[in-house]
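Engineer: I need the structure of the sequence given here:
(one chain, ligands or ions: 2)
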Amino acid sequence: MSPSPDDDAPEDPSPKIDLAPAAFVTFWVTVAAFCVAGFGESSTWLIVGCVLALGSLALSFAAAALSAKDPLSGLLRGAGVVVVQAMMTLPLLLWAGLENVSASPKGRLLHLRGRARLARVSFGGGWRPRPKETPRPRLPSSVVERAVAAEVWHLAARAEHASVPAFSKLSLQLVALGAPSSLVEGAHRAALQEIDHARRCFALSEGYGGLPWDPGALPELADSLAAPSRRPDLVGLARGSLRDGCVGEGVAAAMAEALANGADDPSVAETLRVIAADEAEHAELSWAVVAWCLDAGGATVRAALREEAARLDDHRAAALPDQTPISPERARALGLPHAALAEQLARLGVQRARERLTTML
Ligand SMILES: [Fe+2]
Ligand SMILES: [Fe+2]
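Structural biologist: Ligands and ions are numbered 1, 2, ... in the order given. Purely as a prediction, here's the structure:
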């Protein structure tokens, strides 16, 4: 009896592993990693996100390797899947980590309903500086460094842009409360300087990344203009000026100066020097506002400032998280803020602000 064709067929040595469930699990683990890293408020959450992402890479590797016919092709298949997934996941994690930067206080940001607000993102180049003031950075050879620098300057530009309406709001509050003309003038000058900072930062972002980002609309600001707003008072003005101005802009000035001294690119150093000088002026304006509030408000403002000073410990400066693929040395050479420097300057800024406030109370 002749054998049937089925009896002749070689036995398939490959294990029967269905990749679909593994792909499903790794997809959701990756999404969870992205969310944890992006929405967490501290670098601890970024670490948790990275661990989750590495876990999903390990799962992908195991699933791909076990579905192959022999160990060598399993190894190659697993490595291929890991490379593709890492290319998709790591930029997301990096972006998520960098988004944390924008959540950190950076000087006087626009606060609406208790939250810092940034404009939407748009394209167009309408926020370019005049040609003579346009910084033209030297491009680092590393693609990662270029991408990180473009993203950091883009986030800085959005924060600078959000400072413009913050100073407009300050000038309205000062006028409403009967402040002297020097303070109102200072608020308007500061708003114009923030426009200049935003333009320079957008130009640096475009220089590194090639994309002409612009600030888009800020719907939350439009809503707040249409809605009845909180009545300005001396206590709120004094508290906000101490926190965002005296400390926030003081730390931003110290940071910009430190970065300017370490940057090896003259156009980056010059941008940082302009920002450092202006932010120091803004911090002094805030001290003048605090002094005027104390004069006009007396004991109530004094008590509120004491309370606000005790809460300053959680101040964070805007900086790259620890886990970026750029070392502190390279970050310094590129003029990018790094976590260790930011923490040191924020601690020093809070300490100095407390000492100065004590002499005023
Ligand atoms: Fe600024
Ligand atoms: Fe400022």
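
Engineer: from here on, contacts and neighbour counts on C-alpha atoms
Structural biologist: Fine.

Engineer: show me where this protein has helices.
Structural biologist: For the chain, the helices defined by DSSP state H occupy 5-8, 19-39, 43-66, 71-103, 143-176, 181-209, 219-226, 234-240, 250-262, 266-297, 299-310, 328-334, 339-360.

Engineer: for residue 129, phi and psi?
Structural biologist: When read as degrees, to the nearest 10, the backbone of residue 129 gives phi -70, psi 170.

Engineer: which non-adjacent residue is nearest it?
Structural biologist: Closest residue in space to residue 129, ignoring its immediate chain neighbours: residue 199 at 5.2 Å, by C-alpha to C-alpha, 6 or more residues apart in numbering.

Engineer: picking that back up, who wins for proximity to residue 123 among the helices of the chain?
Structural biologist: Among the helices of the chain, helix 181-209 comes nearest to residue 123, with 10.8 Å by C-alpha to C-alpha.

Engineer: Around the residue nearest to residue 129, count how many other residues there are.
Structural biologist: 26 (other C-alpha atoms under 10 Å).

Engineer: just residue 248 next, same as before
Structural biologist: Count around residue 248 with other C-alpha under 10 Å applied: 28.

Engineer: separation between the closest residue to residue 238 other than its chain neighbours and ligand 1?
Structural biologist: Leaving aside its chain neighbours, residue 238 sits nearest to residue 290 (5.1 Å; criterion: C-alpha to C-alpha, 6+ apart). Here residue 290 is placed at a distance of 20 Å from ligand 1 (C-alpha to the ion, to the nearest Å).

Engineer: The chain - how does it break down into domains?
Structural biologist: 15-101, 114-360 (automatic domain parsing).

Engineer: Quickly, which of the ones you listed bottoms out on average pLDDT?
Structural biologist: Comparing mean pLDDT across the domains of the chain, the lowest value falls on domain 15-101: a mean of 66.

Engineer: contacting residues around the spatially closest residue to residue 297 that is not a sequence neighbour?
Structural biologist: Distances taken as C-alpha to C-alpha, 6+ apart place residue 234 nearest to residue 297, at 6.4 Å, with adjacent residues excluded. Residue 234 is in contact with 177, 293, 296-297, 301, counting by C-alpha atoms under 8 Å, 6 or more residues apart in numbering.

Engineer: Check those and tell me the two furthest apart.
Structural biologist: Taking C-alpha to C-alpha, no two of these sit farther apart than 177 and 301, at 13.8 Å.

Engineer: and the two? which has more neighbours close in?
Structural biologist: residue 301 (23 against 15).

Engineer: got the contact list for the nearest residue to the more buried one once chain neighbours are set aside?
Structural biologist: Spatial nearest neighbour of residue 301, chain neighbours left out: residue 235 (5.2 Å); criterion: C-alpha to C-alpha, 6+ apart. Taking C-alpha under 8 Å, 6+ apart, we find residue 235 in contact with 293, 297, 300-301, 304-305.

Engineer: got the residues you listed as TSV, with distance to residue 267 columns?
Structural biologist: Output for those, formatted as TSV (distance: C-alpha to C-alpha, whole Å):
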residue	distance to residue 267
293	39
297	45
300	47
301	43
304	42
305	39
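
Engineer: picking that back up, verify the stated contact: the residue nearest to residue 238 with residue 241.
Structural biologist: Yes: because the distance of 6.5 Å satisfies C-alpha atoms under 8 Å, residue 290 is recorded as touching residue 241.

Engineer: could I have stretch 245-255 exported to PDB, CA atoms only?
Structural biologist: Output of stretch 245-255 as PDB, limited to C-alpha atoms (Å, rounded to 0.1, in the frame of the first residue of the first chain):
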ATOM      1  CA  GLY A 245       8.000  86.300  40.200                       C
ATOM      2  CA  CYS A 246      10.500  86.600  43.100                       C
ATOM      3  CA  VAL A 247      11.300  82.900  43.200                       C
ATOM      4  CA  GLY A 248      10.200  81.600  39.700                       C
ATOM      5  CA  GLU A 249      11.800  84.400  37.600                       C
ATOM      6  CA  GLY A 250      14.700  84.600  40.000                       C
ATOM      7  CA  VAL A 251      15.500  80.900  39.500                       C
ATOM      8  CA  ALA A 252      14.900  81.300  35.700                       C
ATOM      9  CA  ALA A 253      17.400  84.200  35.600                       C
ATOM     10  CA  ALA A 254      20.000  82.200  37.500                       C
ATOM     11  CA  MET A 255      19.400  79.100  35.300                       C
END
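
Engineer: what's it in contact with?
Structural biologist: Here stretch 245-255 has contacts from 105-108, 275-280, 282-287, 315, 317, 337, 341-342, 345-346, 349-350, 353, using C-alpha under 8 Å, 6+ apart.

Engineer: Give me the distance between that stretch and the centre of its chain.
Structural biologist: 16 Å (C-alpha atoms, centre = their mean, to the nearest Å).

Engineer: so what's the residue in the stretch 1-150 of the chain that ligand 1 sits nearest to up against?
Structural biologist: Minimum separation of the stretch 1-150 of the chain from ligand 1 (C-alpha to the ion) falls at residue 107, amounting to 7.0 Å. Residue 107 is in contact with 163, 244-245, 247-252, 279, counting by C-alpha under 8 Å, 6+ apart.

Engineer: As CSV, the residues you listed with distance to residue 153 would be great.
Structural biologist: As requested, these are exported to CSV (distance: C-alpha to C-alpha, whole Å):
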residue, distance to residue 153
163, 15
244, 21
245, 21
247, 22
248, 18
249, 17
250, 20
251, 18
252, 14
279, 17
